[in-house]
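In: Have a look; sequence and predicted model below, questions after that.
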Amino acid sequence: MSDAGNIYVPYALAGETVEVGPVPGHHPDRRRLIRIHTASPARIAPFCAHFGLCGGCAIQHWDAEPYRAWKRAIVITTLAQAGIDCAVAPLVDAHGLGRRRITLHGRMGTHDVLKVGFSAAHSHDIVPIDRCPVLDPHLSGAIEAAWAVAEPLIAMGRPLDIQITATNSGLDIDVRGSGPLSTGLIAKLSRIAEHHRLARLTRHGELVLMRTPPTVSIGKAEVALPPGSFLQATAEGEATLAALVSGHCSRAKHIADLFCGVGPFALRLAAKARIAAFDNDAGAVAALQKAATTTPGLKPVKAEARDLFRRPLMPQELRDYDTVVFDPPRQGAQAQAMQLAASKVPTVVAVSCNVATFARDAKILIDGGYRIGSVTPVDQFRHTPHVELVARFAR
């Protein structure tokens, strides 16, 4: 706090006495930490040499107990500010083995030196890395492979985004930003993919080389991933969210899974209930449908490509379902929430990765006559302010 109001200082903890300086080009209420004069008893040593430079982790310097309390408090405070009165369960740690998917950036730095790494904190600069301690061991070799892939492509003069996913078959890499590839460059990338034993290498989703189809296990199903597929950041995070969703759907007979992706909920819920799954990603929907069709012991699953932002399911389309599950992107699902609020679906299970948009959508459901139960926060993005949520609404 200053005479001008609140001052925000990244990496400072409550109760500390610190020396700060201005942040060029930022808001006047922001400062940068220069020196700690009196440290908090809760301050601990960061475990990564890149912490404070790399923008990936914001919180490695805070003891576990106050960190967990702070993260749960984000949920409590945001819901209260939205006028939502509900219980908030203890924070569930879902970091597990670590991140199973990452996006590294390749840029040409000063003196034409290649940099491959994560975006710097509060900057568009790239922090070159050769290791990251928050990665799942199944991403072993991912950073080395990203450097190798970036080296021949960066000569084309375009910034690169290199998405890497750990799969049952090995590393799956999709590169974006390179522009069209010559025959010679495709041959060179194919040799790199072979050398690093990648399951698959694609450019903007177009196949460069596939040694073996990349798959992930979801419940009893084996899903062949489309290039660049979205997955929850950690395997433990997906399993935790799915278990919470399944618990809220234990009596359901016919479920609509909205924003279904490749089926982390649908393919598990289909063990006991009929499923209709919807998502605007046609590739993900096709992968989900194929996995459901080829997995024995599942109830019927019907997957459909549909843009739920522009064409949300209307109340008359929702009549056949006793439960709706929805897990939208960070922007939430305002249009779909409005249609759910106007429907007579008995149970709605909401999953979110953004507390603010969850609160907005939850308020729409509550104003439409739903009662909210306990909200469970899930921490799969450990060391960051991001938190997932699962909540059940009932009529």
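Out: Yes, it's here.
In: need the contact list for the closest residue to Thr384 other than its chain neighbours.
Out: Closest residue to Thr384 apart from its sequence neighbours, by Cβ to Cβ, 6 or more residues apart in numbering: Ala58 at 5.4 Å. Where C-beta positions appear, they are placed from N, C-alpha and C, glycine not excepted. Contacts for Ala58 (Cβ atoms under 8 Å, 6 or more residues apart in numbering) come out as 10, 121, 383-385.
In: How is Ala58 assigned, secondary-structure-wise?
Out: The three-state assignment at Ala58 reads coil, by DSSP: H, G, I helix; E, B strand; the rest coil.
In: What pLDDT is listed against it?
Out: Listed pLDDT for Ala58 reads 94.
In: Count the neighbours of the closest residue to Thr78 other than its chain neighbours for me.
Out: Leaving aside its sequence neighbours, Thr78 sits nearest to Val355 (Cβ to Cβ, 6+ apart; 4.3 Å). For Val355, the tally of surrounding residues (other Cβ atoms under 10 Å) stands at 23.
In: now the helices for the stretch 101-250 of the chain?
Out: Using DSSP state H, counting those that start in this stretch, the helices found in the stretch 101-250 of the chain span residues 142-153, 183-195, 235-248.
In: Quick check: buried residues in stretch 69-80?
Out: For stretch 69-80, a neighbour-count test (16 or more other Cβ atoms under 10 Å) marks 71-72, 74-75, 78-79 as buried.
In: which ones among these are found in strands?
Out: With strands taken from DSSP state E, there is no overlap with the buried residues of stretch 69-80.
In: ok, so of the residues you listed, who is nearest Gly373?
Out: Closest approach between the buried residues of stretch 69-80 and Gly373, by Cβ to Cβ: Leu79, at 12.6 Å.
In: What separation do you get for that closest one and Ser190?
Out: Remark: distance between Leu79 and Ser190 (Cβ to Cβ, to the nearest Å) = 51 Å.
In: Correct me if wrong: Pro66 contacts Ala42.
Out: Yes: counting by Cβ atoms under 8 Å, Ala42 is a contact partner of Pro66 at 4.8 Å.
In: returning to what we had before: kindly present the buried residues of stretch 69-80 as CSV, with separate columns for distance to Arg176 and pLDDT.
Out: As requested, the buried residues of stretch 69-80 are exported to CSV (distance: Cβ to Cβ, whole Å; pLDDT from 0 to 100):
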residue, distance to Arg176, pLDDT
Lys71, 31, 97
Arg72, 36, 98
Ile74, 31, 97
Val75, 33, 98
Thr78, 33, 98
Leu79, 36, 98
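In: Now for these: which two are most distant?
Out: Among the buried residues of stretch 69-80, Lys71 and Leu79 lie farthest apart (Cβ to Cβ), at 13.8 Å.
In: so where is the chain shaky, pLDDT-wise?
Out: For the chain, applying pLDDT under 70 flags the ranges 1-4, 26.
In: longest helix anywhere in it?
Out: Secondary structure of the chain read by DSSP state H shows that its longest helix is helix 64-81.
In: thinking in terms of the whole chain, how far from its middle is that one?
Out: 19 Å (Cα atoms, centre = their mean, to the nearest Å).
In: try stretch 8-19
Out: 28 Å.
In: Give me the residues contacting it.
Out: Contacts with stretch 8-19, where a contact means Cβ under 8 Å, 6+ apart, come from 20, 29-40, 42-43, 52, 58, 61-62, 121-122.
In: Please name the residues that touch Leu198.
Out: Counting by Cβ under 8 Å, 6+ apart, Leu198 has contacts 145, 170-173, 209, 211.
In: my bad, Pro214
Out: Going by Cβ under 8 Å, 6+ apart, Pro214 touches 165, 167-170, 172, 199-200, 224-225.
In: ok, now Val75?
Out: Taking Cβ under 8 Å, 6+ apart, one finds 88, 355, 375, 377, 387, 389 in contact with Val75.
In: Without its sequence neighbours, what residue ends up closest to it?
Out: Pro377 (4.7 Å).
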